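Novice: Generate a structure from the sequence data that follows.
(one chain, ligands or ions: 2)
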Amino acid sequence: MKKRKIIIDCDPGIDDSLALLYAIQHPGLEVAALTVTAGNVPVELGADNAFKILERLNRLDIPVYAGADRPLVRDFVSAQDTHGMDGLGDGSIKRRSAATLQPETASDFLAAYFREQQDTSLIALGPLTNIAQALRKNPLLGQHMERFVSMGGSYKSHGNCSPVAEYNYWCDPHAAQEVYQKLGRKIEMIGLDVTRQIVLTPNLLEYMHFIQPEVAAFVRTITRFYWDFHWKYEHIIGCVINDPLAVAHFLHEDLCQGFDAFVDLATEGPALGQTVVDAYDFYHRPANAFIAQEVSSQLFFQDFLAVILEAPQEMIAQDLRTLQLG
Ligand code: BDR
Ligand code: CA
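Specialist: Ligands and ions are numbered 1, 2, ... in the order given. This next block holds a predicted model:
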């Protein structure tokens, strides 16, 4: 199978880390680089967590670039209340190696990379600050990438930072607005409408333990804190794992159903960070985004678990069906 090349911009982060485990181990993907932005945790901590995942997978050959340490305009507000002070659920995951960051900043790297290469897609799992900065440096960025998938925003689902705003775009709404206005390539928006349908439940985790206890133990360690948060604020048992769905959507284009529309961002006032999705074409503007609306959680977990547990996909699919998991 020919591997498709991607760069992942992220803010690890519990669910970012799950997305990295999935993408890096997926046989259909070649992860060319990781770029890190301030988001769930300050950028240095995020980069540290990226290295922890690379170490776990024995993939320290993948270069890591640190980027923006704060949003373009707003003050930086992390999501350490959700992800733990260390960004990995305060589970005491240690870093063992002394691998170092690349010398360039994330935005310099992205701007230069997409001047040369035209065979790579970008998957953004955090605030869009690095992407907006790279776009300022290389206005052809969008035209030179194959696809751009962004976990962020929402259409009908309520927000997770305010009644209407999702964290990544709420954290840096100006960057998100700039990217939606200027990228010049359709943004595949994997927002809360679909990610809220992807819940890692206690039963799923228990199942993972039977298949690959070591991986399950790691996932339990990093998600435990997240579960408590979800119970307190969303009243669900388990946790929504947003970011891996962006990777799954990239791999399987028919996994999420949705529609194309013009999207703008609210950058001030009570709706700050909200994605204004013009589903009814009030503005008569060309669509700049694909809005994912529905997803089959079972199909998602089938691929995600097969990859991170290194188990046969048919077996996982069969188990999920008979045990009515996912
Ligand atoms: C997004 O915000 C972060 O907390 C998660 O990592 C995810 O990217 C969900 O709103
Ligand atoms: Ca994230």
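Novice: give the contact list for the residue of the stretch 51-200 of the chain found nearest ligand 1.
Specialist: Nearest residue of the stretch 51-200 of the chain to ligand 1: residue 167, at 3.6 Å (CB to the nearest ligand atom). C-beta here means a position set from N, CA and C on the backbone, and glycine is covered the same way. The neighbourhood of residue 167, defined by CB atoms under 8 Å, 6 or more residues apart in numbering, consists of 39-40, 79, 82, 160-161.
Novice: I'd like those residues as CSV, with neighbour count appended.
Specialist: As requested, those are arranged in CSV below (neighbours: other CB atoms under 10 Å):
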residue, neighbour count
39, 32
40, 32
79, 22
82, 21
160, 20
161, 17
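Novice: so can I have JSON lines of the residues you listed showing pLDDT, secondary structure and distance to ligand 2?
Specialist: Rendered in JSON lines, the data for those read as follows (pLDDT from 0 to 100; DSSP: H, G, I helix; E, B strand; the rest coil; distance: CB to the ion, whole Å):
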{"residue": "39", "pLDDT": "98", "secondary structure": "coil", "distance to ligand 2": "6"}
{"residue": "40", "pLDDT": "98", "secondary structure": "coil", "distance to ligand 2": "6"}
{"residue": "79", "pLDDT": "96", "secondary structure": "coil", "distance to ligand 2": "8"}
{"residue": "82", "pLDDT": "91", "secondary structure": "helix", "distance to ligand 2": "10"}
{"residue": "160", "pLDDT": "95", "secondary structure": "coil", "distance to ligand 2": "12"}
{"residue": "161", "pLDDT": "95", "secondary structure": "coil", "distance to ligand 2": "13"}
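Novice: Find the residue closest to the residue of the stretch 51-200 of the chain closest to ligand 1 in space, skipping its chain neighbours.
Specialist: Nearest-residue entry for residue 167: residue 161, 5.0 Å, with adjacent residues in sequence omitted and distances by CB to CB, 6 or more residues apart in numbering.
Novice: Look up how far residue 83 lies from the residue of the stretch 51-200 of the chain closest to ligand 1.
Specialist: 10 Å (CB to CB, to the nearest Å).
Novice: Let me see the mean pLDDT of the biggest strand by length in the chain.
Specialist: With DSSP state E applied, the strand covering the greatest number of residues in the chain is identified as strand 256-265. Throughout strand 256-265, pLDDT has a mean value of 98.
Novice: Check which element follows that strand along the chain.
Specialist: As assigned by DSSP states H and E, the chain's next helix or strand after strand 256-265 is strand 275-278.
Novice: Contacts (any at all) between ligand 1 and that following strand?
Specialist: No: figure legend: strand 275-278 not in contact with ligand 1 (CB under 6 Å from any ligand atom); closest approach 11.7 Å.
Novice: what's downstream of that strand, the next helix or strand?
Specialist: Next along the chain after strand 275-278, taking DSSP H and E as the criterion, comes strand 289-295.
Novice: so where do the helices sit in the stretch 101-250 of the chain?
Specialist: Remark: helices of the stretch 101-250 of the chain, listed N- to C-terminal, are 106-116, 129-137, 141-144, 167-171, 173-182, 192-195, 202-211, 213-234, 243-251; assignment by DSSP state H, counting those that start in this stretch.
Novice: of all those helices, which gets the most neighbours per residue?
Specialist: Across the helices of the stretch 101-250 of the chain, averaging neighbours per residue (mean count of other CB atoms under 10 Å) puts helix 167-171 on top, at a mean of 29.
Novice: what's the distance between it and the middle of its chain?
Specialist: Centroid separation for helix 167-171 versus its chain: 12 Å, with CA atoms, centre = their mean, to the nearest Å.
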